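# Sequence first, predicted model second:
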Amino acid sequence: MKAQLHHETPLPNKFNINIPLLGFAAILLALFAYGTVMTLLEGHHAWGTSNEMVWGLLITAYVYFAVGCTGLCLLSSLGHVFHVKAFEAMGIRPVILAITSMITAFIVIALELKYVLNLAIYFFISPNFKSVFILMGILYGIYLVFLIAELLFYALGKAKISRIFAIGAIITGVSATSNLGLVFGSQVARTYWSGFLVPVLFISSALVAGAAALVILYYFVDRDKSKTNDNYHVKLFSKLLAAFIGIFILINGFNMYLGYAEGAGERYEAAMFLLNGAYSLQFWVFEIGLFLVAIILALFFAKNQLMVMGSGVIALIAMMFSRNNFVTAGHAVSLTPDGKGPITMLTYAPTAVELSMAIGAVGIVIVGYLVLQRIFVFIQEKFAK
Amino acid sequence: MKRQLSRRSFIKTTAVTGAGVALISGGLMSVDNMAQASSANSGKRYGMVIDNTECIGCGMCQEACNQQWDLPEDETFIKLLRDYQGENNKVEHMTAQCNHCDNPPCAKICPTQATHLNEDGIMVMDAKKCIACKGCMVACPYGARIWSEKFQTPDKCRFCDGYVQAGHQPACVIRCPKHARTFGDLNDPNSEISKMIASENLKPLREGLGTEPKIYYKRK
């Protein structure tokens, strides 16, 4: 019988009091709290959005965390659902991180809405089932329930039932992320968003974010092995990360090319906005440049796992810029009544309030992960047979 | 043997997952098709003709609208683009507002049916249901909506809903000094607006998007 190559690192049986980590998370939470208070006091006047540039960094952050959750779920399914040997030792950690990422996404979008209470009421009284928002909300809600159920039954030692919910989570997660792509893709006037590649782009970006997050997570989970550059999961996910970034750049590049190839019109102008317009720095340096740096670190410095972990961090930063570029470019072309008037490009720059919330939300993920991890171990110890 | 079972299990699981995604997608599309707007219909379908050949760009329509709805100075439901050159390649004054589309992308995206076509075909806003997601603002291909500080929701031209049913004309139509605006019932073939549209083969804006707008333009 072949010996198992790798074993799941057990979850800590007490709350992880890592002072530097908690300090870092506290700073992020303070930033988030600042942004939240200012948003509650001033509403969208505290943001850089306008009547024409309607969706800003908070929508970007929601998409970022929601799609990141799907990536984590997809990658964790390689172990839990498909029983691919190389991934089985991952354990349940990716699911814990996926849940906290999804909850963070919901918190961010709840703060973006001015009348979230109306949503809570009229979601049930007068839902519009033609609305991609409603379908997205339903799917993401069910997805979160499936993830929590998967985690719960795993904690209780009921692996088969946990696997059933894991399958349900993949199905609803992929559907929800595709539907999220449709939120943008269904906008008849925003042709940059309505390319046929957009749902595929969202799924590929989910895999990038998931792999990047897991590189970072497992670097710290098995810190001792990471220090000796012998962390199996860091090696595994760094290769996946490099591959997924390459695929994402190709798909995104082709999507941009399709816009450029139109030669004129709204989609062309949106593509040029990124290629050589007001957002060219954000695109070439902070998106493409950082992704290439991440690939270089992941592949050519693979023996130094600190560098590899750095590649994960850089990839996550690049993905935030990528999302923001996508959302902004999609409605950067000012609409004219007949669609043929003079082209005017809009500008958008997030305010300090928006930046605080988008960056500070990472603190919710960190603290949420630590708390949920502890709850998982508690349930496992108390109730598992 | 164990390796073959493992491969079978992988294929089975992948097939189940793929089938699940396909089922959900198909189910969602069916729900989308079934979820028809089921509001009662009064038999009227209000529309407007705007004659750009008469428009002098005075802005009285904007002023009238602002007074009608008591809007702040920096808000307007009607856009006025002076010396606009669009698809007809002619310079003209262009006013644009909500087109009260029969296939409205704004109503389609609204999660709570806060914005919807009423029984007279007027796109209205139910503020108590609005969640301020601003999806309607993004969805509108005419850029017709603004965030209204007065109403604290995304808002736009209301075709003077409430007044027109009492037999009045919209404020912008009354105030226009050149009578460049005509309002009426598109469902009545004998209405002035219907006759104008038929006789002069007038077209709405961005017809190719399939939104079925109800404001028709006579352009230079």
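Perfect, I can see it now. Numbering: from 1, shown residues only, chains lettered A, B, ... in the order given.
# So which residues of chain B form strands?
Applying DSSP state E to chain B gives strands spanning B:46-51, B:79-85, B:91-96, B:115-117, B:123-125, B:146-148, B:153-155, B:181-185, B:203-204, B:215-218.
# Figure out which of those strands is closest to A:I121.
Of all those, strand B:153-155 sits nearest to A:I121, with 15.5 Å by C-beta to C-beta. No exception for glycine: its C-beta is placed from N, CA and C like everyone else's.
# ok now that closest one, how far from the chain's centre?
Offset of strand B:153-155 from its chain centre (C-alpha atoms, centre = their mean, to the nearest Å): 13 Å.
# What ranges does the stretch 101-250 of chain A have for its helices?
For the stretch 101-250 of chain A, the helices defined by DSSP state H, counting those that start in this stretch cover A:116-125, A:132-155, A:159-185, A:198-221, A:223-227, A:232-261.
# which of those helices has the lowest average pLDDT?
The weakest mean pLDDT among the helices of the stretch 101-250 of chain A belongs to helix A:223-227, with a mean of 89.
# Name the nearest residue to B:E119, ignoring sequence neighbours.
For B:E119, ignoring the flanking residues on the chain, the nearest one in space by C-beta to C-beta, 6 or more residues apart in numbering or on different chains is B:S42 at 4.2 Å.
# typo on my end, it should be A:N118
B:I131 (4.8 Å).
# Name all residues that make contact with the one you found.
Going by C-beta atoms under 8 Å, 6 or more residues apart in numbering or on different chains, B:I131 touches A:113-116, A:118-119, A:122, B:111-112, B:114.
# quick revisit: which one of the strands of chain B lies closest to A:M357?
Among the strands of chain B, strand B:146-148 comes nearest to A:M357, with 19.4 Å by C-beta to C-beta.
# ok, how many other residues are close to residue 205?
Picked chain A for this. By other C-beta atoms under 10 Å in any protein chain shown, 28 other residues sit near A:S205.
# Let me rephrase: I mean chain B.
B:L205, neighbours per other C-beta under 10 Å, totals 24.
# cool, and A:S101?
A:S101: 29 surrounding residues under other C-beta under 10 Å.
# Leaving out the residues flanking it, which one is nearest to it?
Spatial nearest neighbour of A:S101, chain neighbours left out: A:C69 (4.1 Å); criterion: C-beta to C-beta, 6+ apart.
# What strand or helix carries the one you found?
Element membership for A:C69 (DSSP states H and E) is helix A:57-80.
# Now that helix: average pLDDT?
Averaging the model's pLDDT scores along helix A:57-80 yields 95.
# A:G246: what's it in contact with?
If you count contacts by C-beta under 8 Å, 6+ apart, A:G246 has them with A:I295.
# What separation is there between it and chain B?
Relative to chain B, A:G246 is positioned 23 Å away (C-beta to the nearest C-beta, to the nearest Å).
# Any chance of a markdown table for the helices of the stretch 101-250 of chain A, columns distance to B:P141?
Shown next, in a markdown table, are the helices of the stretch 101-250 of chain A (distance: least, C-beta to C-beta, whole Å):
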| stretch | distance to B:P141 |
| --- | --- |
| helix A:116-125 | 25 |
| helix A:132-155 | 16 |
| helix A:159-185 | 14 |
| helix A:198-221 | 18 |
| helix A:223-227 | 51 |
| helix A:232-261 | 18 |
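# Enumerate every residue touching the closest residue in space to B:P204 that isn't next to it in sequence.
Nearest non-adjacent residue to B:P204, counting by C-beta to C-beta, 6+ apart: B:P213, 4.0 Å away. B:P213 sits next to B:99-102, B:142, B:204-207 when contact means C-beta under 8 Å, 6+ apart.
# B:G184 contacts B:K195, correct?
No: look at B:G184 against B:K195 with C-beta atoms under 8 Å: they stay out of range, at 9.3 Å.
# residues near the residue nearest to A:S101, how many?
33.
# if I read this right, it contacts A:I96, doesn't it?
No: with contacts counted by C-beta under 8 Å, A:C69 stays clear of A:I96, the gap being 11.3 Å.
# Confirm for me that B:P104 is in contact with B:T211.
Yes: at 6.5 Å, B:P104 and B:T211 qualify as touching, with contact defined as C-beta under 8 Å.
# For B:I215, give me its contacts.
With contact set as C-beta under 8 Å, 6+ apart, B:I215 has these partners: B:47-50, B:97, B:99-100, B:204-205.
# give me the number of residues near residue 167?
Went with chain A since none was named. Neighbour tally, A:I167, other C-beta under 10 Å: 19.
# not quite, I wanted chain B
6.
# Show the backbone phi and psi for it.
Taking degrees, to the nearest 10, you get phi 100, psi 0 for the backbone angles of B:G167.
# Could you measure from it over to A:I249?
Distance, B:G167 to A:I249, using C-beta to C-beta, to the nearest Å: 62 Å.
# Also A:A264?
Look at A:A264 and A:I249: by C-beta to C-beta, they are 26 Å apart.
# neighbour count winner among these two?
Looking at A:A264 and A:I249 with other C-beta under 10 Å, you find the greater number of neighbours at A:I249, namely 18 against 8.
# Contact partners for A:L31?
The contact partners of A:L31, taken as C-beta under 8 Å, 6+ apart, are A:356-357, A:359-360, A:363.
# Let me see the mean pLDDT of the host helix or strand of it.
Assigned by DSSP H and E, A:L31 belongs to helix A:19-42. Helix A:19-42 comes out with an average pLDDT of 95.
# For it, buried residues please.
For helix A:19-42, a neighbour-count test (16 or more other C-beta atoms under 10 Å in any protein chain shown) marks A:22, A:25, A:28-29, A:31-32, A:35-36, A:38-39 as buried.
# Tell me what angle that helix forms with helix A:198-221.
140 degrees (axes from the mean of the first three to the mean of the last three C-alpha atoms, to 10 degrees).
# Run a quick neighbour tally on the residue nearest to B:E119.
Neighbourhood size, B:S42 [other C-beta under 10 Å]: 14.
# picking up where we left off before, dihedrals phi and psi, the residue nearest to B:P204?
The phi/psi pair for B:P213 (degrees, to the nearest 10) reads phi -70, psi 160.
# Next one: the residue lying closest to A:F286 once chain neighbours are set aside from chain B, what distance?
With sequence-adjacent residues excluded and distances taken as C-beta to C-beta, 6+ apart, A:F286 is closest to A:F321, at 4.1 Å. A:F321 is 21 Å from chain B, where distance means C-beta to the nearest C-beta.
# give me the number of residues near B:L202?
Using other C-beta under 10 Å, B:L202 is surrounded by 17 other residues.
# What is the burial count for the nearest residue to it once chain neighbours are set aside?
Here the nearest residue to B:L202 in space, its sequence neighbours aside, is B:Y216; by C-beta to C-beta, 6+ apart that works out to 4.0 Å. Look at B:Y216: counted by other C-beta under 10 Å, it has 23 neighbours.
# May I have the residues that are in contact with B:Y216?
By C-beta under 8 Å, 6+ apart, the contact list for B:Y216 reads B:47-50, B:193, B:196-197, B:202-204.
# Buried among these? Make that a ChimeraX selection.
Command for ChimeraX that selects the buried part of the contacts of B:Y216, burial taken from 16+ other C-beta under 10 Å:
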select /B:47,48,49,50,193,196,197,202,204
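# Domain boundaries for chain B, per the record?
The record's domain split for chain B, according to automatic domain parsing, is B:1-35, B:46-218.
# near chain B, which residues of the stretch 251-385 of chain A?
Neighbours of chain B within the stretch 251-385 of chain A, by C-beta under 8 Å from any C-beta of the partner chain: A:331, A:334-342.
# give me that answer again for 10 Å
Residues of the stretch 251-385 of chain A lying close to chain B by C-beta under 10 Å from any C-beta of the partner chain are A:266, A:330-331, A:334-342.
# List buried residues within these.
Among these, those classed as buried by 16+ other C-beta under 10 Å are A:266, A:330-331, A:334-339, A:341.
# Quick one: low-confidence residue ranges for chain B.
Low-confidence segments of chain B (pLDDT under 70): B:1-7, B:25-40.
# Give me the most central residue, chain A.
Geometric centre of chain A, nearest residue: A:G68, 2.5 Å, by C-alpha atoms, centre = their mean.
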